[in-house]
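Novice: I'd like to go over a predicted model; first the sequence, then the structure.
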Amino acid sequence: MQKTPLSLVREVAQRKLDSLEEMDLGMVDQYTDRTPVVFTAVPCLRKFRMLSMGATRIAVPWAQLAELSLDCDSLDWTIEILAQSTNLVKAYINPHVHPSQLPGHITPLRFSQLHSLSLCLTEHLTPLFLDNLSTPVLQKLELMTLGPRWTQLVASSFAAFQLRAPNITRLQFSCRFAVEELASIIRRVPSLTHLNLTDCKTCFNDDFIRILHYDQDVAPLAPSLHHLVVCNLFVPSFTDDVLGGTHIEDAHRISQVCSDWRQIAHGTPRLWARTLEVDLCAKRNVADGLKAWLTRSAPLPISLSFISWIEDTNHGFLEEVLKVLPRCGSLRVIAARWFIGQLSQCRLDSLENLDLGMIDETEPIMPTLSAPRLRKLNVCTINRCLPPSVVPWAQLTDLELECDSSDGIVEVLSQCIHLVKASIVVHEWSPLEVRHTIPFQLSQLRSLDLHFMADNTLLSSYLSTPVLQELQLPLCKL
């Protein structure tokens, strides 16, 4: 976080700020200067935020504030500020205090108008703070406890605090407590409408979901609850060495929360149909898991990315992915030529977007892929001329082509009669040779990016682009 110079704060404090209603000082970090900074000419100030680290005390007319956000490394200064901020409506408090520096007691704090309160406290400070806090009209409470567990001392202090805050309707926790402890808290909030749980891994399971449900004639634990948010509950069952993508974790978190959520998740194909990376060389025997994942995505089109540089492939994985290729709409292949040969034997009825990655082969024969709906192709060839018939070029509307030889470039482009967008990169210093002597026209091409290491002017002698709108050329060639 960028620091605010103390000298700037002092300069601003000396000005008349008659219309200032909101002030955010950011982080003021000063460990040597003990001279206080006092804002006096701020008659309209209602909202104040500060992260104060060090010896300098910064003061504003605390009693006139309605909103306060305070991070401070001094508990005494934090309590002194809060004791003066008697008219707060909304507050965020985060005192940075080491357990060895905790006092035996603190000044009791009462906020008769406070409606929203966020507290970030260590497990040692939580009881001390809550025992001396009174918020009779509080409606929203967010509590983040920093520590390994929800102790009995914390639980007792929180239960007593709830009696002094009977109007709470919204709770947000980032704490580590058991189901019984969370249920006990909710039981004392009869009007609870919103519940947000973050990193509460030990308390959210089937038992908790069950007590929130109506069950025959038994009322749920929180009958008014209509807004429930849970975050960061579980780690994924598929690890990154087999499947890739952050949505993998999302889907598994949702399906592991409880049995009801799992049933709903498994019956929602859209949740499982996003791009899936599969390492076909992975040795882990989780082909059944991959099969289940792919089955749940049916009948929606899917997007797949394959990784396989060697023929020593996990055959269980290969079998499952080949089965679903007919409904694959987007396919990215990071693989050796042998796998492209596998693709040439499959039905690719739904394929619209194909990325063949880098083809590094010297064999003169490349298999031809049959994909009746293919529109976009990305391919990079090395150590060979461009394969003239690897795909049906005439279908393409979008082409990204990179190669180390200009051989066959014009021949291929002349077949791509429906291109709308093209990017051509040739890493070769030899001039372009054209065996195709008949000029050709790309009558729909609107965007063209050409990057030839050698002179590419010969290409323009054969290529006509009457509706071209965007042309990119390397500056070094102009």
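Specialist: Structure's in. What do you need?

Novice: so which helix or strand takes in residue 68?
Specialist: Assigned by DSSP states H and E, residue 68 belongs to strand 67-72.

Novice: for the chain, what spans make up the helices?
Specialist: Along the chain, the segments classed as helices by DSSP state H run 6-13, 75-84, 125-131, 152-163, 179-187, 206-212, 246-256, 259-266, 287-297, 315-324, 337-344, 409-413, 457-462.

Novice: about what we covered before: return the list of strands paired to the strand holding residue 68, each annotated with direction.
Specialist: Next to strand 67-72 in the sheet, as set by DSSP bridges, lie strand 47-54 (parallel), strand 90-95 (parallel).

Novice: gap between residue 295 and residue 303?
Specialist: Distance of residue 295 to residue 303, given as CB to CB, to the nearest Å: 16 Å. No exception for glycine: its C-beta is placed from N, CA and C like everyone else's.

Novice: okay, those two: which has more neighbours?
Specialist: Neighbour totals were compared for residue 295 and residue 303, and residue 303 leads with 17 against 14 (other CB atoms under 10 Å).

Novice: so the more buried one bridges to which residues?
Specialist: The partner residues for residue 303, given DSSP bridges, come to residue 330.

Novice: that one is in contact with residue 325, isn't it?
Specialist: No: here residue 303 lies out of contact with residue 325, judged by CB atoms under 8 Å, at a distance of 11.9 Å.

Novice: name the residues contacting each of the two.
Specialist: Counting by CB atoms under 8 Å, 6 or more residues apart in numbering, the shared contacts of residue 303 and residue 325 are residue 331.

Novice: quick revisit: least confident of the strands paired with strand 67-72, on average?
Specialist: Of all the strands paired with strand 67-72, the minimum mean pLDDT falls on strand 47-54 (a mean of 89).

Novice: what lies in contact with it?
Specialist: 1, 21-33, 58, 60, 65-74, 77, 96.

Novice: any of these buried? List them.
Specialist: Neighbour counting by 16 or more other CB atoms under 10 Å classes 23, 25, 28-30, 58, 60, 65-74, 77, 96 among the contacts of strand 47-54 as buried.

Novice: so what's residue 40 up against?
Specialist: 13, 61.

Novice: and the pLDDT for it?
Specialist: Looking at residue 40, its pLDDT is 92.

Novice: what's near enough to touch the residue nearest to residue 465 when sequence neighbours are not counted?
Specialist: Spatially, and ignoring its direct neighbours in sequence, residue 465 is nearest to residue 445 (4.8 Å; CB to CB, 6 or more residues apart in numbering). Counting by CB under 8 Å, 6+ apart, residue 445 touches 419, 420, 421, 422, 465, 467, 468.

Novice: just the buried residues out of those, in PyMOL syntax.
Specialist: The PyMOL selection below is limited to those of the contacts of residue 445 classed as buried (16+ other CB under 10 Å):
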select buried, resi 419+420+421+422+465
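
Novice: mark which of the contacts of residue 445 are part of strands, please.
Specialist: When DSSP state E is applied, the contacts of residue 445 are split such that 421, 422 fall in strands.

Novice: what would the contacts of residue 445 look like in JSON lines with pLDDT and distance to residue 204?
Specialist: What follows is the contacts of residue 445, written out as JSON lines (pLDDT from 0 to 100; distance: CB to CB, whole Å):
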{"residue": "419", "pLDDT": "95", "distance to residue 204": "52"}
{"residue": "420", "pLDDT": "96", "distance to residue 204": "49"}
{"residue": "421", "pLDDT": "96", "distance to residue 204": "47"}
{"residue": "422", "pLDDT": "94", "distance to residue 204": "51"}
{"residue": "465", "pLDDT": "91", "distance to residue 204": "59"}
{"residue": "467", "pLDDT": "94", "distance to residue 204": "57"}
{"residue": "468", "pLDDT": "93", "distance to residue 204": "57"}
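
Novice: of all the contacts of residue 445, which two lie farthest apart?
Specialist: Spatial extent of the contacts of residue 445 (CB to CB) is set by the pair 422 and 467 at 13.1 Å.

Novice: on that earlier part again, okay, angle between the strand holding residue 68 and helix 75-84 too, please.
Specialist: Put simply, strand 67-72 runs at 170 degrees to helix 75-84, going by axes from the mean of the first three to the mean of the last three CA atoms, to 10 degrees.

Novice: quick one: contacts for residue 105?
Specialist: Contacts of residue 105 (CB under 8 Å, 6+ apart): 128, 132.

Novice: what do you get for the one 4 residues further on?
Specialist: Taking CB under 8 Å, 6+ apart as the criterion, residue 109 is in contact with 79, 82, 83, 132, 133, 134.

Novice: between those, which is closest to residue 91?
Specialist: residue 82 (7.9 Å).

Novice: still on that earlier bit, so which of the strands paired with strand 67-72 comes closest to residue 153?
Specialist: In terms of CB to CB, the element of these nearest to residue 153 is strand 90-95, at 18.2 Å.

Novice: can you give me the buried ones in that closest one?
Specialist: Neighbour-count burial for strand 90-95 flags 90, 91, 92, 93, 94, 95 (criterion: 16+ other CB under 10 Å).

Novice: just stretch 217-235 next, same as before
Specialist: Across stretch 217-235, burial judged by 16+ other CB under 10 Å covers 221, 222, 225, 230, 233.

Novice: and stretch 187-200, by the same measure?
Specialist: For stretch 187-200, burial by neighbour count (16+ other CB under 10 Å) applies to 189, 192, 194, 195, 196, 197, 200.

Novice: quick one: residues contacting the first one.
Specialist: If you count contacts by CB under 8 Å, 6+ apart, residue 189 has them with 162, 168, 169, 171, 222.

Novice: touching, the third one and residue 190? I think so.
Specialist: No: the pair residue 169 and residue 190 fails to qualify as a contact (CB under 8 Å) at a distance of 9.7 Å.
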